[in-house]
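*Asks:* Structure for the following, please:
(2 chains)
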Amino acid sequence: MHELISLTGSELLSRIRSREISAQEATRACLQRMSAVESRVRAFRCVLEAEALASAAAVDDAFSRGEEPGPLAGLPMALKDVLCLGGHPTTCGSRILESFNPPYDATVIRRLKKAGAVILGKTNMDEFAMGSSTENSAFEKTCNPWDLERVPGGSSGGSAAAVAADMVPVSLGTDTGGSIRQPAAFCGVPGLKPTYGRVSRYGLVAFASSLDQIGPFGKSVEDLARLLSVIAGHDSQDSTSAGAPVPDYPAQLSTPLRAIRLGVPKEYFPAGLDAEIGGALRAMLTRAEALGARLEEISLPHTDYSIPTYYILATAEACSNLARYDGARYGYRAEGAKDLGEMYRRSRSEGFGREVKRRIMLGTYVLSSGYYDAYYLKAQKVRTLLKRDFDDAFEKVDLMITPTTPSTAFRFGEKTDDPLQMYLSDIFTATINLVGLPALSLPCGIAKDGLPIGAQIVGPPFSEARLLSAAAALEAELGFRSRHRPKALDA
Amino acid sequence: MLPPARSAPNHRGEECLMRIKIETVRHVARLANLDFSEQELELFARQLDSILGYIDKLNELDTTRTEPTSHVTRIEQTLREDRTVECLSVEQALANAPESKDQHFTVPRVIG
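*Replies:* Numbers count the residues shown, from 1 in each chain, chains lettered A, B, ... in the order given. Okay, here's the model as predicted:
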């Protein structure tokens, strides 16, 4: 195995910066790894080999001329295929956008390019980011590098699997109800969903606008900090992006865990919690205590109501956002429609997959006349109660720790016939989107069947610096990466 | 307008909404501009019914005195100066159109 591909993004960056290796060597190592394993993982929708090598060469040239190519100079990375990359297909995992070439770059992509990052490709995902297994992609199934018979999680399954399989050291995903944290947990890599508004959503194809947030996957917590420093910050193109100053996240990583008050919400450790997941979390909490953290049991009393609330609000926003796919201005158009109405109905019916239609239907239903108050307004009110739970809890604690997922990676097909079961795999993550908080998933253990277990760390709004430094302390203490790695691709 | 939601007692004897019927699914599909076969309508009715059954759990909570939340962060009014900025050219805007003609998007006739 090529040594370079096993490095974290941050390690690779310092080798490129010291010119021990060139940016082109780093990119070539990733491309080589892709050609060896991608046919078994299928994490990518497209690989931009020529463009990537050209931007790596530009970074090398800048260094030779003594210029500063930016904080991510030469870092190879992948992007979830829901982010607009100008001039290249952005499919959102959907037939309806199969031929769509955005005429502009998303703000995050513009910032990454300016920082010197090298974009290697776009990754597979559940159609329009709706799903928890990447099985809802209209194009292909992505496999979990720890066990190729299992799902990588979703909806950012391709971005998580690409990092876990060593094809890229870092990637971007998006998270509306757990779509970064759940695949991060399933694939044994760290993944961060920032505070709502921390990162501009301009150029992110919308699913649920009050919940969507872009965030990084990496091989280490430091990787997440480096990417967040570049992509965070106000953007005049997104009026919901926050004006709060962006701290130097990597510089603050070494803040010790000592004296941190860690909340353990009892509702996230129910009696029926998987024994191995519960065990791994408790072991991690003991280590946190040994590092000087103070553990405190807390209660988030409305937890049981979060998934119903989420599936009302997320589908309502989705049905409105997805009304724009009508076959008129971009995307798939059904042939031979007699009139405009037929063109709309047939283009949408032929272009969208089943889960997307199911959510459009649910969202249309909860917003329709006669049902709006009973469902949509009710859910908005429960959202207030959920927010109050977290506001109260963060009066007492600095951060919270919970499991990321109720199970480890499941098998293909295991939950596809029962949408409700699939929705419940977001049970520990979706609430966090409803209340807009930052949260990351950190690999914290391995189950007997060899699959990774994720711990979710949650903080108050805009506490990413504290969240990342706590995660870095726990990461160093647990040593997950040096002790475990996926072996399914070794053969 | 949908037929008014009928009420029925739930297991605790409280009033709760009746769940989805196939005519309602057909009506919602029309609102959403989606066509389904009869089998798909039946499948969706069953699945939506089970999801809505789960969602009915929210009725356990008394929210009469609770304000709704639409956005969790404070949204400040963000106005920019009223001046022209660079934007997509007509060619760029039309580049993804399935059909276009003379700088316009082309669609089938509007009145059938």
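
*Asks:* Any chance you could spot the residue sitting in the middle of chain B?
*Replies:* B:A32 (7.0 Å; C-alpha atoms, centre = their mean).

*Asks:* if I look at that one, how far off is chain A?
*Replies:* Distance, B:A32 to chain A, by C-beta to the nearest C-beta, to the nearest Å: 4 Å. Backbone N, C-alpha and C define where each C-beta goes, glycine included.

*Asks:* Just the C-alpha atoms of the longest helix along chain B, please, in CSV.
*Replies:* Longest helix in chain B, counting residues (DSSP state H): helix B:38-55. Taking C-alpha atoms only, helix B:38-55 is exported to CSV below (Å, rounded to 0.1, in the frame of the first residue of the first chain):
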residue,chain,number,x,y,z
GLU,B,38,-52.9,2.2,-8.8
GLN,B,39,-50.4,-0.2,-7.2
GLU,B,40,-48.1,2.7,-6.3
LEU,B,41,-51.0,4.7,-4.8
GLU,B,42,-51.9,1.7,-2.6
LEU,B,43,-48.3,1.2,-1.5
PHE,B,44,-47.9,4.9,-0.7
ALA,B,45,-51.2,5.0,1.1
ARG,B,46,-50.0,2.1,3.3
GLN,B,47,-46.6,3.6,3.9
LEU,B,48,-47.8,7.2,4.5
ASP,B,49,-50.4,5.8,6.9
SER,B,50,-47.7,4.1,9.0
ILE,B,51,-45.5,7.2,9.0
LEU,B,52,-48.5,9.4,9.9
GLY,B,53,-49.5,7.0,12.6
TYR,B,54,-46.0,7.5,14.1
ILE,B,55,-46.3,11.3,13.6
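
*Asks:* which other residues reach that helix?
*Replies:* A:307-308, A:311-312, A:357-358, A:361-362, A:365, A:375, A:419-420, A:423, B:19-22, B:24-26, B:29, B:36 (C-beta atoms under 8 Å, 6 or more residues apart in numbering or on different chains).

*Asks:* and these, which are buried?
*Replies:* A:307-308, A:311-312, A:357-358, A:361-362, A:365, A:375, A:419, A:423, B:19-20, B:24-25, B:29, B:36 (16 or more other C-beta atoms under 10 Å in any protein chain shown).

*Asks:* what are the ranges of the helices in chain B?
*Replies:* B:22-31, B:38-55, B:90-94.

*Asks:* Equivalent analysis for the stretch 101-250 of chain A, please.
*Replies:* According to DSSP state H, counting those that start in this stretch, the stretch 101-250 of chain A carries its helices in the segments A:107-114, A:157-164, A:181-187, A:221-231.

*Asks:* just checking, next helix/strand downstream of the helix or strand harbouring A:E317?
*Replies:* Here A:E317 sits within helix A:306-321, counting by DSSP states H and E. Once helix A:306-321 ends, the next helix or strand along the chain (criterion: DSSP H and E) is helix A:340-351.

*Asks:* Does anything pack onto the helix or strand that that following helix is followed by? Which helices or strands?
*Replies:* The element immediately downstream of helix A:340-351 (helix or strand, assigned by DSSP H and E) is helix A:354-367. Packing partners of helix A:354-367 (3 or more C-beta pairs under 8 Å, 6 or more residues apart in numbering or on different chains; DSSP states H and E): helix A:306-321, helix B:22-31, helix B:38-55.

*Asks:* Minimum distance to A:G292: which of those helices has it?
*Replies:* In terms of C-beta to C-beta, the element of the helices and strands packed on helix A:354-367 nearest to A:G292 is helix A:306-321, at 31.4 Å.

*Asks:* Quick one: mean pLDDT for that closest one?
*Replies:* Here helix A:306-321 scores 96 as its mean pLDDT.

*Asks:* How far off centre is it?
*Replies:* For helix A:306-321, the distance from its own C-alpha centre to the chain's C-alpha centre is 18 Å (C-alpha atoms, centre = their mean, to the nearest Å).

*Asks:* What of stretch B:34-45?
*Replies:* Distance of stretch B:34-45 from its chain centroid, counting by C-alpha atoms, centre = their mean, is 17 Å.

*Asks:* which of the residues in that stretch are buried?
*Replies:* For stretch B:34-45, by 16+ other C-beta under 10 Å, it's B:34-36, B:40-41, B:44-45.

*Asks:* Give me the mean pLDDT for it.
*Replies:* On average, stretch B:34-45 scores 94.

*Asks:* do stretch A:34-50 as well
*Replies:* When pLDDT is averaged along stretch A:34-50, the result is 98.

*Asks:* Please put the alpha-carbon coordinates of it into PDB.
*Replies:* Extracted C-alpha coordinates of stretch A:34-50, given in PDB (Å, rounded to 0.1, in the frame of the first residue of the first chain):
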ATOM      1  CA  MET A  34      -8.900   4.900  -6.700                       C
ATOM      2  CA  SER A  35      -8.100   2.800  -9.600                       C
ATOM      3  CA  ALA A  36      -7.200  -0.100  -7.200                       C
ATOM      4  CA  VAL A  37     -10.400   0.000  -5.100                       C
ATOM      5  CA  GLU A  38     -13.100   2.200  -6.500                       C
ATOM      6  CA  SER A  39     -14.700  -0.600  -8.600                       C
ATOM      7  CA  ARG A  40     -15.400  -2.400  -5.200                       C
ATOM      8  CA  VAL A  41     -16.500   0.700  -3.200                       C
ATOM      9  CA  ARG A  42     -18.200   2.800  -5.900                       C
ATOM     10  CA  ALA A  43     -18.000   6.000  -3.800                       C
ATOM     11  CA  PHE A  44     -17.600   8.400  -6.800                       C
ATOM     12  CA  ARG A  45     -20.100   9.700  -9.400                       C
ATOM     13  CA  CYS A  46     -17.200  11.200 -11.400                       C
ATOM     14  CA  VAL A  47     -13.500  11.500 -11.100                       C
ATOM     15  CA  LEU A  48     -11.800  14.700 -12.500                       C
ATOM     16  CA  GLU A  49      -8.400  13.300 -13.100                       C
ATOM     17  CA  ALA A  50      -7.100  15.900 -15.600                       C
END
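
*Asks:* Pull the contacting residues for A:L478.
*Replies:* Listed by C-beta under 8 Å, 6+ apart, the contact set of A:L478 reads A:284, A:287, A:442-445.
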